[in-house]
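*Asks:* Next comes the sequence, and after it the predicted model I'd like to discuss.
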Amino acid sequence: MKTSSTTAPHHNSGISLARLFQTSEAVRGYTLLSPTLLALLLGLAMPLAVLFTLSFWIQDYLDFIRTFSLKNYIDFFQKPIYGKILIKSIRMSGLVTLATVLLAYPMAYFIAFRIQHNKLIWLILITVPFWTSYLLRVFAWKLMLGYNGVINSGLKTLGFISEPLEFLLYNPAAVMITLAHAWAAFAILPIYVSLEKIDRSLLEAARDLGENAFITFVRVTLPLSLPGVIAASLLVFIPTVGDYVTPSLVGGPSGIMIGNIIQSMFGKALNWPLGAAISVISMLTVALMISLFLWGTQSFRRKVA
Amino acid sequence: MNDQRPWWRPDGFLLYAIIYLTFIYLPVLFLPLFSFNSSKYIAFPLKSFTLKWYHQMVNSPSMLEALLNSVKVGLIVAIVSTILGLLAAKALTRYRLPGRGSVISFIMIPLVIPEIILAISLLILISQLDIPLSLWTVGFSHSLLCTPFAMLVLISRMEGFDNSLEEAALDLGENGWMTFWRVTFPIVLPGIVASLLLTFTISFDEFVLAFFLSSTDATLPIYIWSSLRFPTKIPAVLALGSSIFVISFFVVSFAEWLRRRGIKLESTSGI
Amino acid sequence: MQKDQIIEELATGRMSRRQFNQKLIALGATMVTIPLGSKMANAGSDDHPTVFTWEGWEVPELHQPYIGKHGQSPNFAIFGDEEEAFAKMRAGFKVDLTQPCSYKVPIWKDAGILQPMDPSRLSNWSDIIPALKTIPGTFDGDKQYFIPTDWGLTSVLYRADLAPEYVGNETWGMLWDPKYKGRLSMSDSLIDGVMVAAIYIGAKDPFNMTDAEMEKTRASLKEQLPLMRYYWTSPADIEQALASGELVAASAWNSSYAALKKEGLDVRYTSPKEGAMTWVCGFCLMTDHDPAKLDKIYEYVDAYASVESGVFALTEYGYGHGNMKAFAQVEKDQPGLLKELGYSTNVNETLDAGIFQAPMGNEPALQAMFEEVKAGL
């Protein structure tokens, strides 16, 4: 094919195929998507099939009774323990997400708008603490919150308390503080990325129109950075709902989350089907929460726009 | 314009940034402190100064090998999942796709599905296919887990991307690849950097998938979690964690110092 | 970044792109210099067996004779938790040899992953403590599924300086003492946790409780819950906390006692009047093992069962060893150490005083009960 044509920038031969590519957005889109979709299909088809099938089977010592049964689902709703812990987990993760995103936003804003040169350095500075092992960071939090920890020792030296405070560690609050710390970078980065793309001339224009800084932020910056806020919320909320490591290290008996229950079903309790059913229910609940959240942010965006 | 203010001129945001960085760094700064403490236990009061944990660290080849394995897997995973995330984000933001919502939900599944289930089912699949377990199988599973992170970060960057830029480049006679390279890539770059950092961090710290899908090559998290049984090994892990932290911190600061000293190239987009 | 800025850049400057290129090249160079190559392709060396075991039990000191003969160690895959190891093997992970504790053997055997071993191929078999060879569930008539190599106690470890009234009056009841509310910890497991409660309430056979005993156990666990600082999942949890004084007492293994003692803390390891628990771990041959490596598999087990390994396990980890001659050796080299670690110089005396951990009847029901108690129901 000659390159003389100025209107057909693609140098492919096979005109009809090329035309199909040009005309159908869907085909072009899915072609671009195909490597990702294939990789995920390869990796996820089996786990999903296993998950759903297992959840309808029944554990019989080491074997499964492979006939369709709703027993595990009925168990979930009949025994108060699972629902109670699921609700608690969602509440805890929701609070963690809210705190993490709210605290991260000004930091991301600072990097995007106040830092002029080498923002990369700042991004890495924010990530570096998280390259130390998670376990070590949990130890560090135990040092901060623990019995003879920094906070207790500080308060004692200042004379506020005579005996160490025991309620700082091994409860849901300790789990939430540790999680909010652990996921900080996961909130800052997406928000920064979406703030960075905002066209500065828009902000200037708003200023020129006499809007004050706050109004400019609410009317222009916030709506434009909303995709980043959404991404950050999802990236923090979803993984923390299912976390089991943090609760088992700093949560104590009262800090248990649904991830611990699922983990124990596949390990100690040796009841894979019940574990699968609990997973299905918690995944669906999380999906529902996300839909509600996305619906909420959509309507916010429309209201502002 | 407010963003012309030099970064060092104190204002509320700078103050906030300092407080925030303190929150992020404070607990982590205890690690180097305790790595020089002669007690085996990470607890106050401090005993005496020692270098023996660093000595122990240098002399534990299995730990250093685990570190190397984790770095290798992390780098590969960061690149693979960022590429997969970039393709998906591009397709989802550039074209009007039927079933867009379902595609996004599908790619998000690795985030929602409990890791233990993903790990066990992948292991069943891999052993059915007679593929031997290795760091590659760990890398594959981590790439699955990290792709949604990459995609979400990149979508937030590319949403609202001005397609007329690409079209302009195409009109100027650039081919698709050059257009991507010269137009799309520079704009998306901050997103790519963020995605690489995030996915590396996740892979570097991931335990469950790594445990189930590795054979005799342990990654660092496997080494660390299993060493909880004999806590005598923890101080050496602490020394390693501190070294990683301090070395990366200084490499970054050194790079910044070089940049400031060196010829000031005119700034582009900041990154 | 602004639109015309980009177009301008496109037209004139290549600065940023050149920078990207440089960065990309640097990254590429890094990737080339750390090839994923050889070690990934074949995990470890092909003609040596793969052993799936606990971290800390793979150290060269525990199998010197094998290294002496072959110049290297076998391949190791490491686990930190038997349940996860079991799940991994059932999902298809193939190894030659594994090292669980005795109470897990019947379940693993029922799952069809274990195969009997031939003790006559081990030169050290005659020195193994006889009481450990006949633990119920680990052998089947003349078929030996389990070569016992390591053992120890589960008992109360406490700070004598913080709870002096218990010196000489040691009981599991320490873990139920309201005086130390919030400063006690028990294992987050059935075998080292719930079974302690069963022993404490005086169940006739803690490992096969009647319904009434089970309800009593539940009640005592509920009573204990508010007193717990947390349930521990690894020795690291309790050692840190006992060292800082956050905990006064916890259920623990010998290794924690040995480690804390070495740090110079005033800790004691009790012999509770209700009886301490004895755990035993050892080797099991996998059904999936590579027959060509069978000789080396036995050589490894034999090396692990040697006196020198036993001396290392006792002196470094504080764990008992299957080889009884190791105890005599340690007593000769370091008189008094055994007693300090909680072992009698006559090994059988220690074993007789303890309660052997056995497979638990109705494990799922116990687990469900424990989860409910922990969740406050």
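*Replies:* In hand now; what should we look at?
*Asks:* Show the contacting residues for A:Trp57.
*Replies:* By C-beta atoms under 8 Å, 6 or more residues apart in numbering or on different chains, the contact list for A:Trp57 reads A:64-67, A:69, A:273. For every residue, glycine as well, the C-beta is placed using N, CA and C.
*Asks:* scratch that, B:Ser105
*Replies:* By C-beta under 8 Å, 6+ apart, B:Ser105 lies in contact with A:Ala287.
*Asks:* which parts of the helix or strand that contains it are buried?
*Replies:* In this structure, B:Ser105 sits in helix B:100-112 according to DSSP states H and E. Using 16 or more other C-beta atoms under 10 Å in any protein chain shown as the test for burial, helix B:100-112 gives B:103-104, B:106-112.
*Asks:* quick one, the next helix or strand after it and helix B:100-112 angle?
*Replies:* Note on helix B:100-112: by DSSP H and E, the next helix or strand toward the C-terminus is helix B:115-128. Put simply, helix B:115-128 runs at 90 degrees to helix B:100-112, going by axes from the mean of the first three to the mean of the last three C-alpha atoms, to 10 degrees.
*Asks:* what residues does helix B:115-128 touch?
*Replies:* The contact list for helix B:115-128 (C-beta under 8 Å, 6+ apart) reads A:43, A:46-47, A:49-51, A:242, A:262-263, A:266, A:275-276, A:279, B:110, B:133, B:137, B:140-141, B:144-145, B:208-209, B:211-213, C:87-88, C:91-94.
*Asks:* swap the cut-off to 7 Å and go again
*Replies:* Under the criterion C-beta atoms under 7 Å, 6 or more residues apart in numbering or on different chains, residues A:43, A:46-47, A:50-51, A:262-263, A:266, A:276, A:279, B:110, B:133, B:137, B:141, B:208-209, B:212-213, C:87-88, C:91-93 lie in contact with helix B:115-128.
*Asks:* secondary structure element for B:Leu14?
*Replies:* Assigned by DSSP H and E, B:Leu14 belongs to helix B:12-35.
*Asks:* for that helix, packing partners?
*Replies:* Secondary-structure packing of helix B:12-35 (3 or more C-beta pairs under 7 Å, 6 or more residues apart in numbering or on different chains; DSSP states H and E): helix A:80-109, helix A:134-145, helix B:234-261.
*Asks:* Pretty sure A:Gly228 sits against A:Lys197.
*Replies:* No: A:Gly228 is beyond contact range of A:Lys197, at 8.9 Å (criterion: C-beta atoms under 7 Å).
*Asks:* Tell me which of the two has more neighbours.
*Replies:* Taking neighbours as other C-beta atoms under 10 Å in any protein chain shown, A:Gly228 and A:Lys197 compare with A:Gly228 leading, 33 against 22.
*Asks:* and stretch B:172-182, what's its mean pLDDT?
*Replies:* Stretch B:172-182 carries an average pLDDT of 76.
*Asks:* That one and chain C, any residue contact?
*Replies:* Yes: contact of stretch B:172-182 with chain C (C-beta under 7 Å from any C-beta of the partner chain) involves B:Arg182.
*Asks:* One more: stretch A:117-128?
*Replies:* No: judged by C-beta under 7 Å from any C-beta, stretch A:117-128 makes no contact with chain C; its nearest approach is 9.7 Å.
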